[in-house]
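Q: Got a predicted structure here, sequence first:
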Amino acid sequence: MSTSEIGKRLRQAFQIDELSPEEYAGRFSHGILCLGIRFDQHKDPELEEWLTRLRSILDDEEKLNRLRQKYLSPEELKAIADEGEFD
């Protein structure tokens, strides 16, 4: 797969043209098991910056919990907690 195709797929998968890293993390972090994307696989500075911010958020549990409270409804938070996805 070409570098530009990898970047295009990552942009689509992470919805970077629609969501900030903060909103993406708040809404979807409970489903991220591993973020092992190598930056040398693509040459998109905007994508690299977005992914760097997302990684930083995922490493900050307090910030991540605040973002979940901001972007998820009480029902969504309860459903995720009931599934044991996060504490």
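A: That came through, no problem.
Q: does the closest residue in space to Arg68 that isn't next to it in sequence sit in a helix or strand, and which one?
A: Of all residues not flanking Arg68 in the chain, Gly26 sits nearest, at 5.3 Å (C-beta to C-beta, 6 or more residues apart in numbering). For the C-beta atoms, the positions are set from N, CA and C on the backbone; glycine is no exception. In this structure, Gly26 is located in helix 21-28 according to DSSP states H and E.
Q: who does that helix touch, helix- and strand-wise?
A: For helix 21-28, the packing partners by 3 or more C-beta pairs under 8 Å, 6 or more residues apart in numbering; DSSP states H and E come out as helix 45-58, helix 61-71.
Q: in which helix or strand would I find Arg11?
A: Using DSSP H and E, the element containing Arg11 is helix 3-13.
Q: Summarise which helices and strands that helix is packed against.
A: Taking 3+ C-beta pairs under 8 Å, 6+ apart as contact, the helices and strands that helix 3-13 lies on are helix 45-58.
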